[in-house]
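Student: quick check, what structure comes out for this input:
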Amino acid sequence: MTTSSSSVAARPGDAITTTLSAEKNASGSTLSLNQSYFSKRNALDWAFAVLVIVGGLFAFGRYNAFMDVYEKGILLAAMPAAIAMGWFWRPLRVLMVVVTGFALLGIASYQGDLARADQVFWLKYFLSSQSAILWMSVLFFMSTIFYWLGMFAGREASSQSEALESLGSKIAWVAVSMALIGTLVRWYESYLIGADIGHIPVSNLYEVFVLFCWLTATFYLYFEAQYKTRALGAFVMLVVSAAVGFLLWYTVVREAHEIQPLVPALKSWWMKLHVPANFIGYGMFSLAAMVSLAYLIKQQASETRWYKLTPLWLLGVVLCFVPIVFRKAPLEAGGSNYWVGYLIVSGLIASGILLGRQRIAARLPSFEVLDDVMYKAIAVGFAFFTIATVLGALWAAEAWGGYWSWDPKETWALIVWLNYAAWLHMRLMKGLRGTVAAWWALTGLAVTSFAFLGVNMFLSGLHSYGTL
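Tutor: Predicted structure coming up:
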């Protein structure tokens with residue numbers, strides 16, 4: 001009895017000792033249990049952290065005289081935030097270093113003279129804000145094409161398909177880099193025009209469309225890496241390419257790329273927080289909607305009755321409706337031909353998805369993965385949209401003397417918030433899944449699009465800064 005008791009008593013002690021101490025694994029390397037967050041960091045992590053801190057302190061030392069106390073706080077808070085993001089997802093630190101390096105090269109090349117944008121080779125063709133954003137546009141189109149080529153090339157999961165999708169992913173990374181370079185250089189260019197004109201480039205529709213494109217693409221690339229599937233890129237890049245298409249029209253027909261002075265109400269540090277948070281929400285809601293479209297297509301892949309293919313017919317209707325909305329006049333210079341081309345391309349895309357739906361369904365990940373990506377995208381988007389709404393109320397109180405005025409933009413922002421709050425409530429409390437969740441998320445894109453663009457087009461109010 002004594003021997004047996006001793007043997008039994010020794011086992012918990014052994015477990016405790018194993019938990020608290022390091023032990024050798026089969027290969028002879030040391031395995032440490034219960035590692036702290038900082039002990040997991042390697043030399044490259046710490047080198048990145050030092051680089052961010054040095055860069056942030058340099059910017060603070062050089063430009064603090066031009067910043068108010070709030071902007072100084074934002075800069076100081078941005079340093080640990082950048083480090084945390086680089087440690088959380090390591091590809092981001094490569095992106096940050098590359099973008100910072102090329103943006104600084106572009107800024108230094110100006111030598112304080114905006115006219116050098118047409119004189120210096122790499123400014124004229126690559127690094128000036130307009131050149132970089134045009135490269136972003138072309139690269140996002142190319143990325144979308146390669147994702148779709150990968151969807152249809154070869155047999156299921158063939159090396160050819162994987163190579164094409166991998167190329168689409170890499171091009172998307174370069175497009176995100178060019179978007180960020182263009183944004184940072186544009187910020188500097190605005191100050192070259194005049195100290196009173198300089199501002200962070202998130203103040204009008206042109207600038208926020210660039211923001212929307214790279215934010216949505218970056219979040220998608222994160223999900224792509226986490227779920228180890230590139231098949232969703234074909235769908236998510238469609239909404240990014242649609243935004244790029246609008247951006248090009250807005251640039252050519254409306255000349256919206258010109259840097260304009262801020263209206264008085266936008267001369268606030270609140271804008272630096274409110275707008276990016278808002279567009280993280282918009283980007284994630286759009287991503288969720290495209291994933292929900294993929295879900296519905298996979299679900300109806302074998303359907304032969306035309307009236308049952310509702311998602312595809314609705315997609316075609318929406319794509320055909322866009323040119324009607326944006327053609328303000330039948331003979332608008334340059335606009336008419338542009339939207340005819342848009343209509344033709346959109347029709348080809350919708351037809352291709354319709355005809356190839358079975359092939360597409362075979363390449364898409366499981367319903368469980370699609371459902372999970374949809375949920376996580378909406379959850380993250382809702383969190384940031386909530387923050388943006390609160391910040392917007394605080395900004396409104398400072399600018400207009402009241403937290404809420406039932407302005408059309410505010411009202412539709414509330415509708416968007418309530419829509420996704422209800423979606424998440426039904427998901428978490430009632431177990432919402434599958435077809436209903438997908439349809440709801442897809443419908444949410446229409447609500448979000450009206451809050452984003454429709455209010456500017458059809459309604460007027462205190463937020464009418466980006467009229468079309």
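
Student: which intervals of the stretch 201-350 of the chain have sub-threshold pLDDT?
Tutor: Low-confidence segments of the stretch 201-350 of the chain (pLDDT under 70): 303-336, 339.

Student: what do you get if the cut-off is 90, keeping everything else the same?
Tutor: Applying pLDDT under 90 to the stretch 201-350 of the chain flags residues 203-205, 242, 245-246, 249-258, 260-272, 296-297, 299-350.

Student: all helices of it, in order?
Tutor: 205-227, 233-252, 271-299, 310-326, 335-355 (DSSP state H, counting those that start in this stretch).

Student: burial check on residue 136, number of neighbours?
Tutor: Neighbour count of residue 136, defined by other CB atoms under 10 Å: 27. Heads up, the C-betas are built off the backbone N, CA and C, glycines and all.

Student: OK, contacts around it?
Tutor: 175, 176, 178, 179, 182, 210, 213, 214, 244 (CB atoms under 8 Å, 6 or more residues apart in numbering).

Student: out of those, which is most surrounded?
Tutor: residue 182 (29 neighbours).

Student: residues in contact with the residue lying closest to residue 125 once chain neighbours are set aside?
Tutor: Nearest residue to residue 125, sequence neighbours excluded (CB to CB, 6 or more residues apart in numbering): residue 131, at 5.8 Å. For residue 131, the set of contacting residues under the criterion of CB under 8 Å, 6+ apart consists of 123, 124, 125, 182.

Student: now those as JSON lines including secondary structure and distance to residue 272?
Tutor: JSON lines is the format used below for those (DSSP: H, G, I helix; E, B strand; the rest coil; distance: CB to CB, whole Å):
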{"residue": "123", "secondary structure": "helix", "distance to residue 272": "26"}
{"residue": "124", "secondary structure": "helix", "distance to residue 272": "30"}
{"residue": "125", "secondary structure": "helix", "distance to residue 272": "30"}
{"residue": "182", "secondary structure": "helix", "distance to residue 272": "18"}
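
Student: can I get those residues in TSV with pLDDT?
Tutor: Formatted as TSV, the entries for the contacts of residue 131 read as follows, by pLDDT from 0 to 100:
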residue	pLDDT
123	94
124	93
125	95
182	96
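
Student: so which of the residues you listed is the closest to residue 114?
Tutor: Relative to residue 114, the closest of the contacts of residue 131 is residue 123; by CB to CB it sits at 10.1 Å.

Student: counting neighbours, which of the contacts of residue 131 end up buried?
Tutor: Burial by neighbour count, 16 or more other CB atoms under 10 Å: within the contacts of residue 131 this picks out 123, 182.

Student: out of the contacts of residue 131, who's nearest residue 44?
Tutor: After measuring these against residue 44 - CB to CB - the closest member comes out as residue 182, at 27.5 Å.

Student: isn't the closest one right next to residue 133, touching?
Tutor: Yes - the criterion here is CB atoms under 8 Å, and residue 182 meets it with residue 133 at 4.1 Å.

Student: now do the shared contacts for the two.
Tutor: Here residue 182 and residue 133 share the contacting residues residue 210, scored by CB under 8 Å, 6+ apart.

Student: which of the contacts of residue 131 lies closest to residue 259?
Tutor: Set against residue 259, the nearest of the contacts of residue 131 by CB to CB is residue 182 (12.2 Å).

Student: show me the contacts for that closest one.
Tutor: For residue 182, the residues meeting the contact criterion (CB under 8 Å, 6+ apart) are 129, 130, 131, 132, 133, 135, 136, 210.

Student: what's the farthest-apart pair in the residues you listed?
Tutor: Across the contacts of residue 182, no pair lies farther apart than 131 and 210, at 13.2 Å, counting by CB to CB.

Student: isn't residue 260 right next to residue 204, touching?
Tutor: Yes - applying CB under 8 Å as the test, residue 260 and residue 204 come out as touching, 6.8 Å apart.

Student: more neighbours, those two?
Tutor: Remark: of residue 260 and residue 204, residue 204 carries more neighbours, 19 against 15, as counted by other CB under 10 Å.

Student: now the phi/psi pair for that one, please.
Tutor: Geometry field for residue 204 lists phi and psi as phi -140, psi 180, criterion degrees, to the nearest 10.

Student: surely it touches residue 262?
Tutor: No - because the distance of 9.1 Å does not satisfy CB under 8 Å, residue 204 is recorded as not touching residue 262.

Student: re earlier: name the nearest of the contacts of residue 131 relative to residue 146.
Tutor: Distances from residue 146 to the contacts of residue 131, taken by CB to CB, are shortest for residue 182, at 21.7 Å.

Student: ok, the closest residue to that closest one other than its chain neighbours to residue 141 distance?
Tutor: Beyond its immediate neighbours in the sequence, the residue positioned closest to residue 182 (CB to CB, 6+ apart) is residue 132, lying 3.2 Å away. Using CB to CB, to the nearest Å, one obtains 15 Å as the distance from residue 132 to residue 141.

Student: the two: who's more crowded?
Tutor: Using other CB under 10 Å as the criterion, residue 132 and residue 141 rank with residue 132 on top: 27 against 18.

Student: for residue 441, give me its contacts.
Tutor: Residues in contact with residue 441, defined by CB under 8 Å, 6+ apart, are 285, 288, 289, 291, 292, 374, 378, 423.

Student: got the angle between the helix or strand residue 368 falls within and helix 271-299?
Tutor: Residue 368 is part of helix 367-400 when elements are defined by DSSP states H and E. Taking axes from the mean of the first three to the mean of the last three CA atoms, to 10 degrees, helix 367-400 and helix 271-299 form an angle of 150 degrees between their directions.

Student: helix 367-400: which residues count as buried?
Tutor: Within helix 367-400, the residues that qualify as buried are 369-382, 384-385, 387-389, 391-393, 395-396, counting by 16+ other CB under 10 Å.

Student: right, and the helix or strand after it?
Tutor: Taking DSSP H and E as the definition, the helix or strand right after helix 367-400 is helix 408-430.

Student: residues making contact with that next one?
Tutor: Around helix 408-430, the neighbours that count as contacts under CB under 8 Å, 6+ apart are 281, 285, 375, 378-379, 381-382, 385-386, 389, 392, 396, 404, 432-433, 437, 440-441, 444, 447-448, 450-451, 454-455, 459-463.

Student: I'd like the next helix or strand past it.
Tutor: Assigned by DSSP H and E, the successor of helix 408-430 is helix 434-449.
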